[in-house]
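S.K.: quick one: sequence and predicted model below, then my questions.
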Amino acid sequence: MERYQRTWRVGGLQRISGALVGRLGFESTHAEDLWDPEIQDFEEVEVPGGVAAPFAVGVDDLLVVFQIRSPFIRINSFVGALRTLLRESTEQDGWTVEAVQQSQTFAEWRRSVTRVTRLRVRVLRPNPNYEGRPSVENLIESARLSSANLDLRSEDIDTDAEIVRELLDHVDRGYGDGTVVGQRETVGGEVETVYTTGMSGSTDLAELPVDPESGEVDRQTLAEELSQLSEELTNPGE
């Protein structure tokens, strides 16, 4: 399946208890200048590459857990690729794949996390104005931009800072979109949680051990995480 100039495939499928586990990933190529001893010069060559994300899907409830392979495969790219693969392989457009999210406002989400470590926003030129957002106006208008992508990172971003407030207010008015990454304290330690502005909701990310050589989560571990998540969603609060 072709998606954004990448060829996506599913492989290594096997059954573990009530889960089907495998790997979803993509192949791509990029140009490199490599030395050719025959011509005694550098020659542009297309070099293959790719990344795969282990996943587990429940046979009965179709719930999916997967490993993020940042920066190449994150929540949106995995969800989009899986949805397209299902639709193309079955020739049925009715398939949909959605991230499990808790519906809440940004203010509610911010109160639930101890710190914010990343803010990625895409801001667009508004219609009609920049009321209350002079910093955003200066960014877009001074450089005559139609849009801008910003990636703010820190161990603890001050979300009360004027520029951050303006950026979030701007996308909240419909002039762009954003993703905010934070850390939430739990009994087992900090858990990463992601807030998506367009969906007005958040998704928690579990930290699981990975193989030091492959960098991947063990398939049995993913199947166990899937079973635990399925139980939590079926019996919330127990």
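M.R.: Great, that's in hand.
S.K.: point out where this protein drops to low pLDDT.
M.R.: For the chain, applying pLDDT under 70 flags the ranges 188, 199-200, 236-238.
S.K.: what segments of it are helices?
M.R.: Listed in chain order, the helices of the chain (DSSP state H) span 75-90, 106-112, 134-142, 162-172, 219-234.
S.K.: the ones you listed: which one's closest to Q5?
M.R.: Nearest to Q5 among the helices of the chain is helix 75-90 (12.8 Å), distances taken as C-beta to C-beta. For every residue, glycine as well, the C-beta is placed using N, CA and C.
S.K.: give me the contacts around that closest one.
M.R.: Under the criterion C-beta atoms under 8 Å, 6 or more residues apart in numbering, residues 1, 3, 8, 10, 24, 26, 53, 55, 64, 66, 68, 92-93, 95-99, 194, 203 lie in contact with helix 75-90.
S.K.: mark which of these are buried, thanks.
M.R.: Buried subset of those (neighbour count, 16 or more other C-beta atoms under 10 Å): 1, 8, 10, 24, 26, 53, 55, 64, 66, 68, 97, 194.
S.K.: mind listing which of those are in strands?
M.R.: Counting by DSSP state E, the buried ones among the contacts of helix 75-90 place 8, 10, 24, 26, 53, 55, 64, 66, 194 in strands.
S.K.: pull the most distant pair out of those residues.
M.R.: Pairwise distances across those (C-beta to C-beta) peak at 24.1 Å, for the pair V10 and V194.
S.K.: ok, back up a step: ok, the ones in strands among the buried ones among the contacts of helix 75-90 vs L139, which is closest?
M.R.: Closest approach to L139 among those (C-beta to C-beta): V194, at 24.4 Å.
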